[in-house]
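> 3D model of this:
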Amino acid sequence: MLSVNGLSAYYGELQALFDVSFDVNPSEVLAIIGANGAGKSTLLRSITGMMNRGKTAHIDGAISFGGRRLDRLSTEQIVDAGTTMVPEGRMLFPRMSVAENLLVGAHLPKARVKANQKLDEMFTFFPRLAERRNQIVSQMSGGEQQMVAIARALMSEPTLVLFDELSLGLAPIIVEDIYDKVTQINKSGVTCVVVEQDMHRALAVSDHVLVMLEGRIVLEGAPDTLSKDDITNAYFGSHSDGGTQ
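So this is what the prediction gives:
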């Protein structure tokens, strides 16, 4: 479904990603873990076309989704092709209501036709949001805002959702609820890429895991085939051969 080949990313003369390659299979949960600064968010920005918006940021390599080259498309075209992201920090419109924020996720023509139907589906999926549909999101808790961000991403009926640091700043019990929703989303047939610093949380929900360090993939495999020591060493940069598995 998603194929990344030889991806390198740059901010001006600073290189942030180095020859990154991997595939994500349909209906799979791929976890990408690594410490802060490992290049995880830059990778997601590259997939969603955001690295092509600045004057100095750019990428080399190929990104394909369903056989179509994403690296040649705008962010809007990428969303229309079936890929959305739940960004780190949620990036909601704080002075707008829950319902208004969700409708932003259905702004493209194909999604707009079914906007009201999708809104009802999201309120069924997140009953707490249904109770607060007219509430201004800045008045909501962090966990509730994360639900809004996820629901907004689902409004466009994506087949691939990228989740960037879902657990950041949330209490453990809320994180548990949020990841239960990710599992439900995946079981509905949506392919998921989960970027996390919390390796234990990411491993628990994933079918395949990539460990990133300093802009490179240093370890990969199914969680049950990788030892705790392998993952920990790769995460912190002490993996013996520095390569992939």
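> for Thr48, see how far away Glu76 is.
To Thr48, Glu76 is 10 Å away according to CB to CB, to the nearest Å. Using the backbone N, CA and C atoms, a C-beta is placed for each residue, glycine as well.
> so these two - more neighbours on which side?
Using other CB atoms under 10 Å as the criterion, Glu76 and Thr48 rank with Thr48 on top: 21 against 11.
> am I right that the more buried one is in contact with Thr83?
Yes - in this structure, Thr48 is within contact of Thr83 by CB atoms under 8 Å, at 6.7 Å.
> give me the common contacts of the two.
Leu162 (CB atoms under 8 Å, 6 or more residues apart in numbering).
> for this structure, which segments count as helices?
Shown for the chain, the helices assigned by DSSP state H span residues 40-47, 75-80, 98-104, 109-112, 115-125, 127-131, 142-154, 172-187, 199-205, 228-236.
> tell me the buried residues in the fourth one?
Spelled out, it's helix 109-112. Neighbour-count burial for helix 109-112, counted by 16 or more other CB atoms under 10 Å, picks out Ala111.
> with the fifth one instead?
By neighbour count, with 16+ other CB under 10 Å as the criterion, the buried positions of helix 115-125 are 115, 118-119, 122-123, 125.
> tabulate the CA atom coordinates of that helix in PDB.
In PDB, the C-alpha atoms belonging to helix 115-125 read as follows (Å, rounded to 0.1, in the frame of the first residue of the first chain):
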ATOM      1  CA  ALA A 115     -19.900  15.200   5.600                       C
ATOM      2  CA  ASN A 116     -23.100  15.000   7.700                       C
ATOM      3  CA  GLN A 117     -23.100  11.200   7.500                       C
ATOM      4  CA  LYS A 118     -19.400  11.100   8.600                       C
ATOM      5  CA  LEU A 119     -20.200  13.600  11.400                       C
ATOM      6  CA  ASP A 120     -22.800  11.200  12.800                       C
ATOM      7  CA  GLU A 121     -20.400   8.300  12.500                       C
ATOM      8  CA  MET A 122     -17.700  10.100  14.400                       C
ATOM      9  CA  PHE A 123     -20.100  11.000  17.200                       C
ATOM     10  CA  THR A 124     -21.100   7.400  17.400                       C
ATOM     11  CA  PHE A 125     -17.400   6.300  17.500                       C
END
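> ok now it, how far from the chain's centre?
Distance, stretch centre to chain centre, for helix 115-125: 21 Å (CA atoms, centre = their mean, to the nearest Å).
> who's in contact with it?
Contacts of helix 115-125 (CB under 8 Å, 6+ apart): 99, 102-103, 106, 111, 129-130, 133, 151, 154-155, 157, 181, 184.
> over to the third one?
Around helix 98-104, the neighbours that count as contacts under CB under 8 Å, 6+ apart are 92-93, 96, 115, 118-119, 122, 129, 132-135, 137, 140, 148, 151-152, 155.
> repeat that for 7 Å
92-93, 115, 119, 122, 129, 132-135, 137, 148, 151-152, 155 (CB atoms under 7 Å, 6 or more residues apart in numbering).
> just the buried ones among the residues you listed, please.
So, by 16+ other CB under 10 Å, the buried ones in these are 92, 115, 119, 122, 129, 132, 137, 148, 151-152, 155.
> tell me which residues in stretch 43-54 are buried?
Going by neighbour count (16+ other CB under 10 Å), the buried part of stretch 43-54 is 43-52.
> my read: Asp164 touches Val86, true?
Yes - using CB atoms under 7 Å, Asp164 is in contact with Val86, at 6.4 Å.
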